[in-house]
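# Got a sequence here, can you model it:
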Amino acid sequence: ISEIQYGGRITDDWDRRQMNTFAEKFFCQAVLEPNYTFLKGYTVPQTTDINVFREHVNTYPATDSPEVFGLNMNADLVFRLDNAEKVFSTILETQPKGGGGGKGASREEIVTELCKDLLSKLPPQFKNEEVRVYLNKAGATKPIHISLKQEIDVLQLILGRVRATLQNLQLAIDGTIVMSDDLADALDSLANAKVPPLWLKGAWYSPTVGIWYQSLLSRWEQWDKWIKTGRPKSYWLPGFTNGQGFLTACRQEVTRSHSGWALDEVAVFTEVTKHDPEDVKEAAPEGVFCHGMYLDGCGWSKKESKLVEAPPKVLFVPIPCMWITAVQKATKKMDYMVYECPVYERKDPRKRGMTAAQPNFVFSPEIRTEDPPSKWILRGVGLLLYPGE
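Take a look at the predicted model:
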């Protein structure tokens with residue numbers, strides 16, 4: 001019923017999986033049994049009269065509990081937080097842009113000080129010669145090093161764009177140069193603690209400039225340390241602009257290390273370890289360790305290494321380092337139940353990634369669970385690289 005009635009209208013595979021699971025829950029033989037309930041207060045009348053059904057539906061609670069749909073009670077908190085965020089965002093966007101008549105600092109003075117502060121923290125551009133020397137020494141044609149070079153190239157462009165904006169915006173405020181449209185947008189954005197639109201082109205998304213700038217510094221630190229001291233023992237996955245490309249490079253590297261393996265014959269194998277990033281002393285013998293992912297919709301038992309219910313009022317739960325490698329599809333076996341968990345760049349119903357052109361989806365590791373996978377599908381459980389504020 002689900003595939004025929006709804007499948008053609010749902011283009012995303014994960015949404016279609018969700019719809020099919022809903023159908024299995026609501027369109028089943030058990031619904032026809034006497035005294036069946038979806039949840040306390042949600043019964044099904046034993047009749048075929050449509051009028052009786054309509055009257056019965058009116059007896060349901062006026063406000064539905066998230067548990068009726070298989071969601072955790074934290075879903076109600078998420079809904080209210082989203083509404084509050086939209087209200088405050090609208091207030092900020094509609095407030096007057098001009099300076100007030102008080103004795104406080106003007107909008108332009110505040111932005112000028114912010115520009116000076118951000119410029120003082122901005123790291124230098126990478127030295128092309130230093131990058132070239134490291135890549136030649138480590139192997140410039142290795143898939144992971146090609147991914148590193150691409151990430152550095154992206155960050156180089158962003159660093160130059162940020163530095164030019166901060167310098168020119170101060171000059172424009174002083175009247176030395178003309179205030180262009182991009183600089184005017186940057187002024188409005190920084191005054192509201194938002195990220196200037198020019199910085200977001202080809203970069204990553206964050207709701208506030210503080211979080212975005214900290215991500216810029218963390219990315220630079222990861223690449224700089226990689227060039228100077230060698231590969232990280234555990235990779236900060238949110239720091240990659242192209243996470244899919246990095247994980248594909250990992251698969252290629254593992255495949256090349258085994259004679260007779262072909263890339264189209266291998267599958268990704270994942271396992272959540274019990275180690276936090278700071279506890280990882282040695283790199284993975286094969287594949288990579290990655291960290292920086294957050295569970296949305298459930299929790300994680302580090303002791304038992306399995307998915308569990310999310311604690312009340314805890315919306316995002318960080319997981320320990322994940323071991324990601326490649327194995328041959330024919331030999332891939334697991335002796336425990338798993339949930340295929342989609343990993344997204346960020347929480348966005350439009351399925352957009354860090355930029356409008358990028359896909360939000362990264363990959364889908366299989367995570368250990370003792371509950372049926374359908375439970376977590378109904379919960380909408382996923383992993384996020386950026387959980388929000």
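# and Thr37, what are its phi and psi?
Backbone torsions of Thr37, given as degrees, to the nearest 10, read phi -130, psi 140.
# Leaving out chain neighbours, which residue sits closest to it?
Take Thr37 and drop its neighbours on the chain: the residue closest to it by Cβ to Cβ, 6 or more residues apart in numbering is Thr43, 5.1 Å away. The C-beta positions use only the backbone N, C-alpha and C, and glycine is treated the same way.
# phi, psi of that neighbour?
Reported as degrees, to the nearest 10, the phi and psi values for Thr43 are phi -100, psi 170.
# Give me the distance from the longest helix along the chain to the chain's centre.
Of all the segments of type helix in the chain, defined by DSSP state H, the longest one is helix 143-174. Centre-to-centre, helix 143-174 and its host chain are 22 Å apart (Cα atoms, centre = their mean, to the nearest Å).
# other SSEs contacting that helix?
Applying 3 or more Cβ pairs under 8 Å, 6 or more residues apart in numbering; DSSP states H and E, we find helix 143-174 packed against helix 107-121, helix 128-138, helix 181-191, helix 197-200, helix 209-229, helix 243-256.
# Mind listing the strands the helix or strand in which Thr325 is found pairs with, and their directions?
Remark: Thr325 resides in strand 322-328, with elements defined by DSSP states H and E. In the sheet containing strand 322-328, its partner strands are strand 266-272 (antiparallel), strand 288-291 (antiparallel), by DSSP bridges.
# what element comes up after the shortest one heading to the C-terminus?
Beyond strand 288-291 on the C-terminal side, the first helix or strand identified by DSSP H and E is strand 294-296.
# Tell me the helix or strand right after that next one.
Going down the chain from strand 294-296, the next helix or strand is strand 299-301, by DSSP H and E.
# The residue in the chain sticking out farthest from the centre and Glu130, how far apart?
No residue in the chain sits farther from the centre than Asp49, which is 46.9 Å out by Cα atoms, centre = their mean. Computed as Cβ to Cβ, to the nearest Å, the Asp49 to Glu130 distance reads 79 Å.
# now Thr248
Thr248 is 26 Å from Glu130, by Cβ to Cβ.
# what about those two, which has more around it?
Under the criterion of other Cβ atoms under 10 Å, the comparison of Thr248 against Glu130 puts Thr248 first, with 16 against 12.
# Could you report the pLDDT at Phe363?
What the model reports for Phe363 is a pLDDT of 92.
# wouldn't it be in contact with Gln244 here?
Yes - between Phe363 and Gln244 there is a contact at 6.7 Å, judged by Cβ atoms under 8 Å.
# give the contact list for the residue nearest to Cys290 when sequence neighbours are not counted.
Residue nearest to Cys290 in three dimensions, not counting chain neighbours: Leu237, with 4.4 Å by Cβ to Cβ, 6+ apart. Remark: with contacts taken as Cβ atoms under 8 Å, 6 or more residues apart in numbering, Leu237 is in contact with Gly243, Phe246, Cys290, His291, Gly292, Met293, Val362, Leu385.
# Let me see the backbone angles for Leu237.
Torsion angles, degrees, to the nearest 10, at Leu237: phi -60, psi -40.
# what's the burial count for the residue nearest to Thr37?
Applying other Cβ under 10 Å, we find 15 other residues in the vicinity of Thr43.
# if I look at it, how far off is Asn58?
As for Thr43, its distance to Asn58 is 13 Å (criterion: Cβ to Cβ).
# Distance to Trp300 added to the contacts of Leu237, as a markdown table?
Below are those laid out as a markdown table (distance: Cβ to Cβ, whole Å):
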| residue | distance to Trp300 |
| --- | --- |
| Gly243 | 20 |
| Phe246 | 23 |
| Cys290 | 15 |
| His291 | 13 |
| Gly292 | 14 |
| Met293 | 10 |
| Val362 | 18 |
| Leu385 | 16 |
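# Kindly indicate which of these lies nearest Asp174.
If you rank those by distance to Asp174 using Cβ to Cβ, Leu385 comes first, at 39.0 Å.
# show me what contacts the closest one?
For Leu385, the contact set (Cβ under 8 Å, 6+ apart) comprises Leu237, Pro238, Gly243, Gly292, Met293, Tyr294, Val343, Tyr344, Glu345, Arg346, Val362.
# Considering those, which is situated nearest to Ser215?
When the contacts of Leu385 are compared for distance to Ser215 (Cβ to Cβ), Pro238 comes out closest, at 7.4 Å.
# Would you confirm that the closest one contacts Gln214?
No - counting by Cβ under 8 Å, no contact exists between Pro238 and Gln214, whose distance comes to 11.3 Å.
# residues contacting the residue lying closest to Pro143 once chain neighbours are set aside?
Sequence neighbours aside, Ala249 is the residue nearest to Pro143 in space, at 3.6 Å (criterion: Cβ to Cβ, 6+ apart). Counting by Cβ under 8 Å, 6+ apart, Ala249 touches Pro143, Ile144, Ile146, Ser147.
# Can you turn the buried part of these into a PyMOL selection?
In PyMOL, the members of the contacts of Ala249 classed as buried (16 or more other Cβ atoms under 10 Å) are selected with the following command:
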select buried, resi 143+144+146+147
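# Now pLDDT and distance to Ala262 too, for the contacts of Ala249, in a markdown table please.
Listed next are these as a markdown table, based on pLDDT from 0 to 100; distance: Cβ to Cβ, whole Å:
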| residue | pLDDT | distance to Ala262 |
| --- | --- | --- |
| Pro143 | 93 | 15 |
| Ile144 | 94 | 19 |
| Ile146 | 95 | 20 |
| Ser147 | 95 | 21 |
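# could I get the contacts of Ala249 as a markdown table with distance to Thr369?
Compiled in a markdown table, the contacts of Ala249 are given as follows (distance: Cβ to Cβ, whole Å):
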| residue | distance to Thr369 |
| --- | --- |
| Pro143 | 31 |
| Ile144 | 30 |
| Ile146 | 35 |
| Ser147 | 31 |
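# from the contacts of Ala249, which single one is nearest Gln328?
If you rank the contacts of Ala249 by distance to Gln328 using Cβ to Cβ, Pro143 comes first, at 18.3 Å.
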